[in-house]
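# structural data only, the sequence is not supplied:
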């Protein structure tokens, strides 16, 4: 069974390298896990194969379309339940789990996505900031626009604009976030 799983995982990897969509990859990984579980009786965690592009594609989608993505999201309301903010997800990227938040407009469309890499529990290292910069640069196909120095709020900001997408990375001493939006009215 392990050889069969390895072959299916290799097929999923090859489909990634040949440009197949992440939905096909996810189905391949989930199908191989389900098949192994069915044949051996073992229970395994079925993780979705996702990448930064999947997160960058969320803005513009209807909120209800995202509800079951990435293992399912939890609705996020204001404390008095008078205003719907969006959804909270836990997503696995590059072998780690991160919190991700969407915000929605009044029409129920996802307007932004915030991925929290480090959220105050430890210091951000320059190496990980550079690693995420490289990942976003690869995904966007363009170099970041780096703000000189530190912002008034104390963060170092990088931004990428390409293909109708606006991605920003904000780095502070103990916070590292990546934000995805549709580029509207942005100059190239």
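That came in fine, so what should we check first? This is a predicted model, so every value here is computed, not measured.

# tell me the contacts of the residue most central in space within the chain?
Of all residues in the chain, the one closest to the mean position by Cα atoms, centre = their mean is residue 55, 3.9 Å from it. Residue 55 sits next to 91, 100, 113, 115, 178, 180 when contact means Cβ atoms under 8 Å, 6 or more residues apart in numbering. For glycine as for every other residue, the C-beta is placed from the backbone atoms N, C-alpha and C.

# Three-state assignment for it, please.
helix (DSSP: H, G, I helix; E, B strand; the rest coil).

# residue 156 and residue 114, how far apart?
17 Å (Cβ to Cβ, to the nearest Å).

# hmm, I typed the wrong one, I wanted residue 164.
19 Å.

# and those two? which has more neighbours close in?
Remark: of residue 164 and residue 114, residue 114 carries more neighbours, 18 against 12, as counted by other Cβ atoms under 10 Å.

# any idea which helix or strand carries that one?
strand 110-119 (DSSP states H and E).

# what helices or strands is the following helix or strand past that strand leaning on?
Of the helices and strands lying after strand 110-119 in sequence (DSSP H and E), the nearest is helix 126-140. For helix 126-140, the elements it packs on are helix 52-56, strand 110-119, strand 156-162, strand 165-171, strand 175-182, judged by 3 or more Cβ pairs under 8 Å, 6 or more residues apart in numbering; DSSP states H and E.

# contact partners of stretch 174-188?
With Cβ under 8 Å, 6+ apart as the criterion, stretch 174-188 contacts 52, 55-56, 58-60, 111-124, 128-129, 132, 136, 155, 161, 164-170.

# partner strands of the strand holding residue 114 and their direction?
strand 96-104 (antiparallel), strand 175-182 (antiparallel) (DSSP bridges).

# residues in contact with the first one?
Counting contacts by Cβ under 8 Å, 6+ apart, the residues outside strand 96-104 that touch it are 55, 58, 63, 66, 70, 73, 76, 84-92, 110-117, 119.
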